[in-house]
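J.: 3D model of this:
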Amino acid sequence: MNSLIKLELVRALRNRKFLFFSVVYPSALFLLIAGSADATTEVDGTGLTLPTFFMVSMASFGALTAVLMGNSERIAKERESGWVRQLRLTTLPGRGYVLAKTASAAVVSLPSIVIVFVVAAAVKDVRLDAWQWLALTGAIWAGSLVFAALGVAIGYLATGDAVRPITMIVYFGLSMLGGLWMPTTTFPDWLRNIAEWLPTHAYAALGQAIEQSHAPHAKDLAVLVVSFVLFTGGAAWLYRKDTLKA
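T.: Below you'll find the model as predicted:
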């Protein structure tokens, strides 16, 4: 399994297009959104300045990009090409394949988080305590596993031709409605009520709580835990179903 993880990492690091969208793109979006704002401009209803708010949003968005976009498309295409079927003929257990995919995506997601933090600190003068930087990195990195599981599920649900449009709809829908691109406080009430139950909203809320030195809300933790259970359960069921077909 270690060899497969190394192979997945090498493939991901060689994919320049994937690295751009998962590592560089979130930092560029952060500069685009927060570039003209000063360090005192606050986002209404959050108690956070615009740079600190969008630093967490774009770091979360970058991790989401790495684990969701990377997993879903590669798995669907490997199923279609017969690579997954070949792996089943080896001693590698099914969980090993899923774990290798998740681990490689998680490793790639870490630079996207760190680079957004570095850009925010260097360009927009965002200042936090050392424990907050560490807690933010750990929370956003660990939280990305929720969406890594979703990526695996989509990869086993969709065919090679359909996986990209399905992933893009889910990806942009969760990003926009979850408040990663704009604060949900600007949404109408009915849309805000929906957004509060999305895993992306809860995901960003973890980081925002750390920035404010607050404990995460129980509702946000519950949304992430339930989402993780549903996504991993769906991925496991789809994997078994795909195995039976083979």
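J.: and the residue nearest the centre of the protein?
T.: Using Cα atoms, centre = their mean, the residue of the chain that lies closest to the mean C-alpha position is L64, 1.7 Å off.
J.: tell me what the one helix or strand V170 maps to is packed against?
T.: Taking DSSP states H and E as the definition, one finds V170 inside helix 163-177. If you count contacts as 3 or more Cβ pairs under 8 Å, 6 or more residues apart in numbering; DSSP states H and E, helix 163-177 packs onto helix 50-64, helix 70-81, helix 130-157, helix 189-195, helix 199-211. Every residue, glycine included, has its C-beta placed from N, CA and C.
J.: got the buried residues for that helix?
T.: 163-164, 166-167, 170-171, 174-175, 177 (16 or more other Cβ atoms under 10 Å).
J.: return the member of these nearest to L48.
T.: When the buried residues of helix 163-177 are ranked by distance to L48 (Cβ to Cβ), S175 comes first, at 18.7 Å.
J.: the closest one against L64, yeah?
T.: Yes. Between S175 and L64 there is a contact under Cβ atoms under 8 Å: 6.8 Å.
J.: between these two, what contacts are shared?
T.: T200 (Cβ atoms under 8 Å, 6 or more residues apart in numbering).
J.: quick one: low-confidence parts of the protein?
T.: Residues of the chain meeting the criterion pLDDT under 70: 1-19, 21, 37, 39, 81-103, 242-246.
J.: 80 - rerun?
T.: 1-23, 34-42, 44-47, 69-71, 73-75, 77-108, 159-161, 235-236, 238-246 (pLDDT under 80).
J.: phi, psi of E196?
T.: Note on E196: backbone dihedrals following degrees, to the nearest 10 are phi -70, psi -10.
J.: around it, count how many other residues there are.
T.: 18 (other Cβ atoms under 10 Å).
J.: ok, now L238?
T.: L238: 18 neighbours (other Cβ under 10 Å).
J.: before we move on, back to that, want to throw the buried residues of helix 163-177 into JSON lines with distance to Q208?
T.: Listed next are the buried residues of helix 163-177 as JSON lines, based on distance: Cβ to Cβ, whole Å:
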{"residue": "V163", "distance to Q208": "32"}
{"residue": "R164", "distance to Q208": "31"}
{"residue": "I166", "distance to Q208": "29"}
{"residue": "T167", "distance to Q208": "26"}
{"residue": "V170", "distance to Q208": "23"}
{"residue": "Y171", "distance to Q208": "21"}
{"residue": "L174", "distance to Q208": "17"}
{"residue": "S175", "distance to Q208": "16"}
{"residue": "L177", "distance to Q208": "17"}
